[in-house]
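S.K.: Next input, structure requested:
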Amino acid sequence: MFGDLPTATRTALTATFVALIALGAWISIPFVPVPLTLQTLFVLLAGVLLGRWGFLPPLSYAVLGALGLPVFHNGLAGVGVLLGPTGGFLVGFVVAGLVVGLAYERPEAPVRAIGLLLGALAIHGFGVAWMILSTGMALPAAIAVGSLPFLPGDAVKAGAVYLLGDRLRHDRS
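M.R.: Here you go, the predicted structure:
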């Protein structure tokens, strides 16, 4: 890695975003069964700044949590969290990081905005699907409990990422 600035930058950003996603899990408003956290903000921002490598921070975060580090919401850890009702959202984080990252490799603002929207939808889609599988909820109930209450907050977070991410990317140029 010596002398390879892009790899060093990617590694540093990945580690930073793993820490920020973990920190975002601690900043939460309790809802049942899924808490409202700042994790999605950092997952989306990781995609913005890391491009196609935006999946690495949420993937690393999920692996660290599965291995027993207390990085999940409220200090939870273990494979049980991934298999519980919130596990699909964590998988959605990985997909969102990739989708947003690929969109942000394009210069067009509409593509980037759609990428953020699709990333947020991936989080909700995987989360709701896994909630149905893990709890036996019906689709309308899973959407009502695991997605609808979080849409306004996630829209605000995605808008903030769009504005902040664009500024941060310009600062890196």
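
S.K.: only C-alpha atoms for contact and neighbour calcs from this point on.
M.R.: Fine.

S.K.: What is the burial count for the closest residue to Leu45 other than its chain neighbours?
M.R.: Spatially, and ignoring its direct neighbours in sequence, Leu45 is nearest to Val161 (5.8 Å; C-alpha to C-alpha, 6 or more residues apart in numbering). Residues near Val161, counting by other C-alpha atoms under 10 Å, number 24.

S.K.: so Ala138 makes contact with Met131?
M.R.: No - using C-alpha atoms under 8 Å as the test, Ala138 is too far from Met131 to be in contact (9.3 Å).

S.K.: Could you pull out the buried residues of the top helix by length along the chain?
M.R.: Secondary structure of the chain per DSSP state H: the longest helix is helix 109-135. Within helix 109-135, the residues scored as buried using 16 or more other C-alpha atoms under 10 Å are 111-113, 115-133.

S.K.: The worst-scoring helix or strand of the chain on mean pLDDT packs against which elements?
M.R.: Least confident helix or strand of the chain, by mean pLDDT, DSSP states H and E, is strand 28-29 with a mean of 74. Contacts of strand 28-29 with other secondary structure elements, assessed using 3 or more C-alpha pairs under 8 Å, 6 or more residues apart in numbering; DSSP states H and E, are made with strand 36-37.

S.K.: ok, and what's touching the strand it packs on?
M.R.: Judged by C-alpha atoms under 8 Å, 6 or more residues apart in numbering, the contacts made with strand 36-37 from elsewhere in the structure are Gly24, Ala25, Trp26, Ile27, Ser28, Ile29, Pro30, His73, Phe150.
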